[in-house]
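Student: next one to model:
(chains A and B)
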Protein chains: 2
Amino acid sequence: MRKINLGLIGFGNVGSGVIKILRERKSYLKDKIGIEISIKKICDKDTTTKRNVPIEKQLLTRNADELIYDPHIDIIVELIGGIHPALELISEALKKGKNVVTANKALLAQHGQELFALAFERGKNIYFEASVGAGIPIVKALRESLIANRFNSIFGILNGTSNFILSLMSRENCSFSDALKQAQAKGFAEKNPSLDIEGIDSAHKLVLLAYLCFGKFIKLEDVFIEGISAVSLSDVTYAHELGFEIKLLAIAKKEGSELEMRVHPTLIPKTHLLSSVNAVNNAIYVSSDLAGNLLFFGPGAGQLCAASAVVADVIDLIQDIKAGLFRPTLNIMQDISIKKLRSIDEFESRYYIRLMALDKPGVLAKISGILAKLGISIASVTQKEKHKAHIVPIVMIIHNAKEKNLRNALHLIDRLDIIKEKTVAIRIEEV
Amino acid sequence: MRKINLGLIGFGNVGSGVIKILRERKSYLKDKIGIEISIKKICDKDTTTKRNVPIEKQLLTRNADELIYDPHIDIIVELIGGIHPALELISEALKKGKNVVTANKALLAQHGQELFALAFERGKNIYFEASVGAGIPIVKALRESLIANRFNSIFGILNGTSNFILSLMSRENCSFSDALKQAQAKGFAEKNPSLDIEGIDSAHKLVLLAYLCFGKFIKLEDVFIEGISAVSLSDVTYAHELGFEIKLLAIAKKEGSELEMRVHPTLIPKTHLLSSVNAVNNAIYVSSDLAGNLLFFGPGAGQLCAASAVVADVIDLIQDIKAGLFRPTLNIMQDISIKKLRSIDEFESRYYIRLMALDKPGVLAKISGILAKLGISIASVTQKEKHKAHIVPIVMIIHNAKEKNLRNALHLIDRLDIIKEKTVAIRIEEV
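Tutor: Numbering: from 1, shown residues only, chains lettered A, B, ... in the order given. Predicted structure coming up:
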């Protein structure tokens, strides 16, 4: 075998990065792997817009069938994103005996189980390094380098947009909406940013990481998801004063025989490495039983970062194809110690709480009375400077409490006439 | 192929960790890879001391020939460390058609070139993930995940012992010698700790990382090495006040067509992730041209951490053997843009300088006069509280200066009669 033919579906930002790398480093890569990677066809619905990489016109098509039904194409790289038609295209490609590389976290999070089963049935592989953390080699690390390990937990900063916004709020004291505007101006956030800032994108990636660590495909609807749009600058500031940073964390955590899956803003101690992960960077902190606690850090987005991972996957597939090797079994072992998903109600945590209360005697007594009645104990209280006339922010750190109890308490507290805004509660992770 | 036979040379700490994992996870790993890993023979000069893993007596031998000349053994795992007889054993094993896994950084740093050439000639592989950063999957990441990248620099905290000592000095304000004693008491430092604290071990690992990134085997004697034994608590404290942590950094850095290779105590800004890498942890910060700046962090030592990496290497080799795959070419591409090694004299840096001067007028004028004459410009000066009677520490930050010029200046300064101790100079890296 001297040459491998590639079909690319999706000639957008990452797609043109892949073409750029394969073109500019053609001989370099050929020397490294002993095989030429040839781009046989590129499919995109837009075949006219000029990309930042020169390409022969006859390589372009709007018809994906020209790739999928071409018997000379060995590998399909899918970079269109979204569920449809990516799902149908990948399925058909697998059925036609092709191996697949994709960066499509939304698709794999929702249809990964059926796609991997189909790939397995057909003796083909789906590689997806670029779908989590762009160029950070976390998928391969979990699947291959840590193959002998069992995992306890994953804590991930998986969404560059959200992290950029939170970093900006923390470093430059700007409000959420100003930070979002800056992110949009710099191209780090979409016009409609909800997929990113509401935690959905992080949840997609978390499902994939949990699959790699625990061998289970958790349904997206079973992941507790809370975004960062309700995080206010004052919370970022108060958290700071208490020695914390607020990050949007994606967490998969084994607690006894239960697995917790959740994405939410989280207070992390400033002493922890994750708290120093700023800007559009991503990081994944993995707790494994043999190799210990590992952190993988790098840019979470970017044309060439993601393309770097796609090309590495292509080369891995080439090694597999060259060798007739089929290694999907490397990643489908279930962690049988996990019996069920823990519901968010049952989950326990320390909390940061900010109440906006009237500035008059007896307020604290009322609040702490309700907390005490629900068995929630206060670790610290600080009354902040007056916010508006007669209203003072009261910041509390709550000892480990059940989410359900805390919610009940806050429900009661927020009905008190001394409470003037909805109380904010943010989970604290010791990591 | 249903079974792979393994021969282990070196039944020490990591060796027994490997056996423990292969025993306790036998069926788990078999299910994952579809092949049984069988331990055929274990060689150690000590066959009587009880290890923390039960083993059949007949597996043990003191004669390595029983492994190397056994045609049924497919993979030799070398974990005895040191140059001899590891070099001879691995060479002979390769000649006998065996693939090799080793954690021996000293050996590979000094004889890697000939060993890899021999492996290549025989169509066999040497895998060595555990030799750098224990269970941190940095070797595989550089070789496979980042295969399409070119590299600009590597900054590594590669020695757990040194990092433990420096962290302790920084966090608990203890002296170097007290910190060393604690490290020894905890088993993190050897009785004779010089290999670790003098930077030799870091240099070994740096040579391997530079090989992976730049395709060149730099001779150990061409690496500039300075250990941490001269770092004093006052320097750690003053560095702190200036916003830095002192770390023993191993640096491989491309500057134009030149490569710098050096290991020395370094001031790193507290805002950088590397400054938060504490205790016996290791971290490698890699600057790549596609995937960007990546950090890999984890425990730098430990029985199971290293064994985790050894087992992953064994499984990779099994995949290779199963497939008849031979992929040493993945890692021997030279970076042809590098024309020469930069000598330490030519290298430029900012510096932290601490002078111990008599507390009298005109002192600063004399010192700054010498610096100015050699073209060295001062960024900041702080006179600290009196140390002993009449002697004051003066701490300076020096703008980018050539090492040679700085050394010349310090040589002149240290001859002044107002200078009462040898001046300390520590390089600053912006990273």
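Student: identify the spatial nearest neighbour of A:Arg291, chain neighbours not counted.
Tutor: For the record, residue A:291 is Ala, not Arg. B:Gly135 (3.0 Å; C-beta to C-beta, 6 or more residues apart in numbering or on different chains). For every residue, glycine as well, the C-beta is placed using N, CA and C.
Student: tell me how far that neighbour lies from A:Thr271.
Tutor: 22 Å (C-beta to C-beta, to the nearest Å).
Student: what does A:Asn408 give?
Tutor: 32 Å.
Student: wait, doesn't A:Ile75 sit right on A:Leu8?
Tutor: No: taking contacts as C-beta atoms under 8 Å, A:Ile75 lies outside contact range of A:Leu8: 9.4 Å.
Student: the two: who's more crowded?
Tutor: Ranked by neighbour count (other C-beta atoms under 10 Å in any protein chain shown), A:Ile75 and A:Leu8 place A:Leu8 first, with 28 against 24.
Student: in three-state terms, label the more buried one for me.
Tutor: Of the three states, A:Leu8 takes strand according to DSSP: H, G, I helix; E, B strand; the rest coil.
Student: give the bridge partners for it, please.
Tutor: A:Ile42, A:Val77 (DSSP bridges).
Student: helices of the stretch 101-250 of chain A, residue ranges please.
Tutor: Assigned by DSSP state H, counting those that start in this stretch, the helices in the stretch 101-250 of chain A fall at A:105-122, A:138-140, A:160-172, A:176-185, A:194-197, A:200-214, A:233-241.
Student: in which helix or strand would I find the residue lying farthest from the centre of chain A?
Tutor: What lies farthest from the middle of chain A is A:Pro361; by C-alpha atoms, centre = their mean that is 45.2 Å. If you go by DSSP states H and E, A:Pro361 is not part of any helix or strand.
Student: which residues sit against stretch A:67-80?
Tutor: With contact meaning C-beta atoms under 8 Å, 6 or more residues apart in numbering or on different chains, stretch A:67-80 is reached by A:4-12, A:14-15, A:18, A:40-41, A:43-44, A:61, A:86, A:89-90, A:92-93, A:96, A:98-104, A:310, A:314, A:317-318, A:321.
Student: make it 7 Å
Tutor: Stretch A:67-80 is contacted from outside by A:4-10, A:12, A:14-15, A:18, A:40-41, A:43, A:86, A:89-90, A:92-93, A:96, A:98-104, A:310, A:314, A:317, A:321, using C-beta atoms under 7 Å, 6 or more residues apart in numbering or on different chains.
Student: could you confirm A:Phe296 falls within a helix?
Tutor: No: secondary structure of A:Phe296 (three-state DSSP): strand, not part of a helix.
Student: which residues does it form a beta bridge with?
Tutor: A:Ile284, B:Phe296.
Student: what's the neighbour count on it?
Tutor: 25.
Student: what does A:Glu430 give?
Tutor: A:Glu430 - counted by other C-beta under 10 Å - has 9 other residues nearby.
Student: excluding its backbone neighbours, what's nearest it?
Tutor: A:Pro269 (7.0 Å).
Student: was I right to think that neighbour contacts A:Phe244?
Tutor: Yes: with contact defined as C-beta atoms under 7 Å, A:Pro269 counts as touching A:Phe244 (6.0 Å).
Student: the more surrounded of the two?
Tutor: With neighbours defined as other C-beta under 10 Å, A:Pro269 and A:Phe244 compare such that A:Phe244 has more, 24 against 15.
Student: return the residues in contact with the more buried one.
Tutor: With contact taken as C-beta under 7 Å, 6+ apart, A:Phe244 is in contact with A:267-270.
Student: quick check: it vs chain B, distance?
Tutor: Distance of A:Phe244 to chain B, computed by C-beta to the nearest C-beta, to the nearest Å: 15 Å.
Student: now do A:Asn281
Tutor: Distance from A:Asn281 to chain B, by C-beta to the nearest C-beta: 8 Å.
Student: pLDDT score for that residue?
Tutor: pLDDT for A:Asn281: 98.
Student: let me know the pLDDT of A:Met333.
Tutor: Looking at A:Met333, its pLDDT is 74.
Student: which of the helices or strands spans it?
Tutor: Using DSSP H and E, no helix or strand contains A:Met333.
Student: what are the buried residues along stretch A:100-117?
Tutor: A:100-112, A:115-116 (16 or more other C-beta atoms under 10 Å in any protein chain shown).
Student: and for stretch A:176-188?
Tutor: Applying 16+ other C-beta under 10 Å to stretch A:176-188 flags A:176, A:179-180, A:182-183, A:188 as buried.
Student: could I get those residues as TSV with pLDDT and distance to chain B?
Tutor: Shown next, in TSV, are the buried residues of stretch A:176-188 (pLDDT from 0 to 100; distance: C-beta to the nearest C-beta, whole Å):
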residue	pLDDT	distance to chain B
A:Phe176	97	23
A:Ala179	97	19
A:Leu180	97	23
A:Gln182	97	20
A:Ala183	96	18
A:Phe188	92	14
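Student: okay, those in TSV with distance to A:Glu129 next?
Tutor: Output for the buried residues of stretch A:176-188, formatted as TSV (distance: C-beta to C-beta, whole Å):
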residue	distance to A:Glu129
A:Phe176	32
A:Ala179	29
A:Leu180	29
A:Gln182	30
A:Ala183	25
A:Phe188	22
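Student: biggest separation within the residues you listed, which pair?
Tutor: By the measure C-beta to C-beta, A:Phe176 and A:Phe188 form the most distant pair in those, at 14.4 Å.
Student: hmm, back to that, from the contacts of A:Phe244, which is closest to A:Pro393?
Tutor: Closest to A:Pro393, out of all of the contacts of A:Phe244 and judged by C-beta to C-beta, is A:Leu267, at 15.9 Å.
Student: tell me what angle the host helix or strand of that closest one forms with helix A:160-172.
Tutor: Assigned by DSSP H and E, A:Leu267 falls within strand A:258-269. Inter-element angle recorded for strand A:258-269 and helix A:160-172: 30 degrees (by axes from the mean of the first three to the mean of the last three C-alpha atoms, to 10 degrees).
Student: so which bits of strand A:258-269 are buried?
Tutor: For strand A:258-269, burial by neighbour count (16+ other C-beta under 10 Å) applies to A:258-268.
Student: distance of the closest residue in space to A:Gln182 that isn't next to it in sequence from chain B?
Tutor: Using C-beta to C-beta, 6+ apart and skipping the chain neighbours, the partner closest in space to A:Gln182 is A:Leu168 (6.1 Å). As for A:Leu168, its distance to chain B is 15 Å (criterion: C-beta to the nearest C-beta).
Student: what's the domain layout of chain A?
Tutor: Taking automatic domain parsing as the criterion, chain A consists of the domains A:3-138+A:303-331, A:143-299, A:344-428.
Student: quick one: these as a markdown table, columns for distance to B:Asn149 too.
Tutor: Below are the domains of chain A laid out as a markdown table (distance: least, C-beta to C-beta, whole Å):
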| stretch | distance to B:Asn149 |
| --- | --- |
| domain A:3-138+A:303-331 | 6 |
| domain A:143-299 | 11 |
| domain A:344-428 | 37 |
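Student: closest one to B:Ile284 among those domains?
Tutor: domain A:143-299 (10.5 Å).
Student: how far does the closest one stretch from start to finish?
Tutor: In domain A:143-299, first residue to last residue: 21 Å (C-alpha to C-alpha, to the nearest Å).
Student: and A:Glu24, how many neighbours?
Tutor: So A:Glu24, with other C-beta under 10 Å, has 12 neighbours.
Student: show me the contacts for it.
Tutor: By C-beta under 7 Å, 6+ apart, A:Glu24 lies in contact with nothing.
Student: do the same with A:Gly256
Tutor: Contacts of A:Gly256 by C-beta under 7 Å, 6+ apart: none found.
Student: where's it relative to chain B, distance?
Tutor: Taking C-beta to the nearest C-beta, one finds A:Gly256 at 20 Å from chain B.
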